[in-house]
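S.K.: Need the 3D shape of this:
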Amino acid sequence: MKYTYIALVISAAIFAFIRAQKDQPIMDLCATVCFSVFAGRIYCYVKTKDSTNLIMALITLLVAIFATIRFFMGH
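M.R.: Coordinates of the predicted model:
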């Protein structure tokens, strides 16, 4: 769980900084949460080698990338 929280704090800080610089909307919340879940699932996969964790990590990474792109587009 430690890595999940670290990823959440770091990604929230990065998005908050960018949002403040460019006066953009709050689309970063989805990306922030997904990056956090991604970090947690990767950690679980490394520890257990369970492919379900890897699949969930990849899905949440794709959602995070999509949300990040929408964030930078201003939606």
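
S.K.: who touches the spatially most central residue of the chain in this structure?
M.R.: When CA atoms, centre = their mean is applied to the chain, the residue found nearest the centroid is residue 35 (1.6 Å). Residue 35 sits next to 7, 8, 11, 60, 61, 64 when contact means CB atoms under 8 Å, 6 or more residues apart in numbering. Bear in mind the C-beta positions are built from the backbone N, C-alpha and C, glycine included.

S.K.: How far away from the center of its chain is whichever strand or helix holds it?
M.R.: Element membership for residue 35, per DSSP states H and E: helix 28-48. Taking CA atoms, centre = their mean, to the nearest Å, one finds helix 28-48 lying 7 Å from the centre of the chain it belongs to.

S.K.: Now that helix: buried residues?
M.R.: 28, 30-45 (16 or more other CB atoms under 10 Å).

S.K.: next structured bit after that helix?
M.R.: Immediately after helix 28-48, counting by DSSP H and E, sits helix 51-73.

S.K.: And residue 32, how far from residue 57?
M.R.: Separation of residue 32 from residue 57 (CB to CB, to the nearest Å) stands at 16 Å.

S.K.: wait, isn't residue 42 in contact with residue 55?
M.R.: No. Residue 42 is beyond contact range of residue 55, at 11.5 Å (criterion: CB atoms under 8 Å).

S.K.: Count the residues that sit near residue 20.
M.R.: If you count neighbours by other CB atoms under 10 Å, residue 20 ends up with 9.

S.K.: Show me what stretch 47-67 is in contact with.
M.R.: Contacts of stretch 47-67 (CB under 8 Å, 6+ apart): 27, 28, 30, 31, 34, 35, 37, 38, 41, 42, 44, 45.

S.K.: Quick check: mean pLDDT of it?
M.R.: On average, the pLDDT along stretch 47-67 is 92.

S.K.: send the alpha carbons of that stretch over as CSV?
M.R.: C-alpha atoms of stretch 47-67 as CSV (Å, rounded to 0.1, in the frame of the first residue of the first chain):
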residue,chain,number,x,y,z
LYS,A,47,5.1,-9.9,-5.2
THR,A,48,2.6,-12.6,-6.4
LYS,A,49,3.3,-13.0,-10.1
ASP,A,50,-0.5,-13.2,-10.5
SER,A,51,-1.4,-12.3,-14.1
THR,A,52,-4.7,-10.7,-13.0
ASN,A,53,-2.8,-8.0,-11.2
LEU,A,54,-0.8,-7.3,-14.3
ILE,A,55,-3.9,-7.1,-16.5
MET,A,56,-5.5,-4.7,-14.0
ALA,A,57,-2.3,-2.6,-13.9
LEU,A,58,-2.3,-2.3,-17.7
ILE,A,59,-6.0,-1.4,-17.9
THR,A,60,-5.6,1.3,-15.3
LEU,A,61,-2.4,2.6,-17.0
LEU,A,62,-4.4,2.9,-20.2
VAL,A,63,-7.2,4.8,-18.5
ALA,A,64,-4.6,7.0,-16.8
ILE,A,65,-2.9,7.9,-20.1
PHE,A,66,-6.3,8.6,-21.7
ALA,A,67,-7.3,10.9,-18.7
